[in-house]
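Chemist: pasting the sequence and the predicted coordinates here, then a few questions.
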Amino acid sequence: MTDRDRLARLIDDARRVVFFTGAGISTESGIPDFRSPGGVWSRMKPIYFDDFVRSEDKRREAWTRTFAGTAGWTGRQPNDGHHAVARLVGSGKASSVITQNVDNLHQDSGLPDHQVIELHGNASYATCLECGLRHELPVLKQSFLGTGEIPHCRECAGLVKTATISFGQPMPPEPMMRAEDETLGCDLMLVLGSSLVVYPAAGFPLMAKRNGAKLAIVNRQATDQDVYADLVVHDDIGPTMSEVVEALALKS
């Protein structure tokens, strides 16, 4: 029996699967990860939240990066891994996706917003740091490139920032609570493409395991949590999950 066969069996036997996804699922769409050579942070230093709030120069730098697409987070298409996840959620086998990613590719693959729990936010739009009003990037871009005006909220004039969680920015309480509820309600957590080193997000797979759920990890590189997993598959996510989903479909 291959690792993909074993993964298919784990999913088939599960009552409620929850996915936990990281940068590795999106690298197959051409989005660079953060920490590897050639990744985002090897090409530019992160702008910390406090610096963004305090410094107009840092805000201008952040918006210049955003509208130049420097990080490469947006404008890509979902890959086979995203589509396989969407099929399993759509079938009712999986209840949700907890993701560390900010690229919106799970939604672009067809998943509704309420089944995607974004721990680190979303890079495809912006929000006001004061009142929380959503702002669309194309509107902000037109003003920024046309007049050089740093975005401010059209309702309260507060600072506007992309809806991602920056270094030093508090984790959003509502997604964290939702992620905990989903974690404690699953009997299989399937990790796809996460190095499992960024906490507190990376604590959810261990929480699931301690609560009695099975834990499976699909990632090209080893992780510190492999030792706790019921199954570890070191392989590409798209081909692996596509084969697994097809095998499950044939069985049903």
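Modeler: Sure thing, it's come through.

Chemist: domain ranges for the protein?
Modeler: What automatic domain parsing lists as the domains of the chain is 1-30+77-120+171-252, 32-72+121-164.

Chemist: let me know which of those domains is tucked in deepest.
Modeler: For these, average neighbour numbers computed from mean count of other CB atoms under 10 Å are highest in domain 1-30+77-120+171-252, which has a mean of 19. In this view, the C-beta of every residue, glycine as well, is placed from N, C-alpha and C.

Chemist: if we can go back for a sec, mean pLDDT lowest for which of the domains of the chain?
Modeler: Sorting the domains of the chain by mean pLDDT places domain 32-72+121-164 lowest, at a mean of 87.

Chemist: list phi and psi for I98.
Modeler: Phi and psi for I98, reported as degrees, to the nearest 10, are phi -100, psi 120.

Chemist: and it, what is it in contact with?
Modeler: V18, F19, F20, T21, I117, L119, A179, E182, T183, A201, F204 (CB atoms under 8 Å, 6 or more residues apart in numbering).

Chemist: over to F52?
Modeler: K58, R59, A62, L159, K161, S166.

Chemist: and it, helix, strand or coil?
Modeler: helix (DSSP: H, G, I helix; E, B strand; the rest coil).

Chemist: ok, it to F167 distance?
Modeler: As for F52, its distance to F167 is 10 Å (criterion: CB to CB, to the nearest Å).

Chemist: show the residue spans covered by the helices in the stretch 151-252 of the chain.
Modeler: 173-185, 203-210, 237-251 (DSSP state H, counting those that start in this stretch).

Chemist: touching the shortest one from outside, list them.
Modeler: Contact partners of helix 203-210, identified using CB under 8 Å, 6+ apart, comprise 18, 20, 98, 179-180, 183-184, 186, 189, 191, 196, 215, 217, 225, 228-229.

Chemist: C-alpha coordinates for it, PDB please?
Modeler: C-alpha atoms of helix 203-210 as PDB (Å, rounded to 0.1, in the frame of the first residue of the first chain):
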ATOM      1  CA  GLY A 203      -0.400  24.800  17.500                       C
ATOM      2  CA  PHE A 204      -3.700  23.600  16.000                       C
ATOM      3  CA  PRO A 205      -2.500  20.300  14.500                       C
ATOM      4  CA  LEU A 206      -1.100  19.400  17.900                       C
ATOM      5  CA  MET A 207      -4.300  20.500  19.600                       C
ATOM      6  CA  ALA A 208      -6.300  18.100  17.300                       C
ATOM      7  CA  LYS A 209      -3.900  15.200  18.000                       C
ATOM      8  CA  ARG A 210      -4.100  15.700  21.800                       C
END
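
Chemist: in this protein, which spans are strands?
Modeler: Assigned by DSSP state E, the chain shows strands spanning 17-21, 94-99, 116-118, 121-128, 134-136, 160-164, 188-192, 214-218, 231-233.

Chemist: and these: which comes nearest D108?
Modeler: Nearest to D108 among the strands of the chain is strand 121-128 (9.1 Å), distances taken as CB to CB.

Chemist: which other residues reach the closest one?
Modeler: By CB under 8 Å, 6+ apart, the surrounding residues in contact with strand 121-128 are 66, 71, 73-74, 102-104, 133-137, 140, 151, 153, 155-156, 158-165, 172.

Chemist: hmm, back to that, want to throw the strands of the chain into a markdown table with distance to R9?
Modeler: Listed next are these as a markdown table, based on distance: least, CB to CB, whole Å:
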| stretch | distance to R9 |
| --- | --- |
| strand 17-21 | 13 |
| strand 94-99 | 15 |
| strand 116-118 | 26 |
| strand 121-128 | 34 |
| strand 134-136 | 42 |
| strand 160-164 | 37 |
| strand 188-192 | 11 |
| strand 214-218 | 10 |
| strand 231-233 | 9 |
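
Chemist: beta partners for L159?
Modeler: H152 (DSSP bridges).

Chemist: surely it meets E56?
Modeler: No. The criterion here is CB atoms under 8 Å, and L159 misses it with E56 at 10.1 Å.
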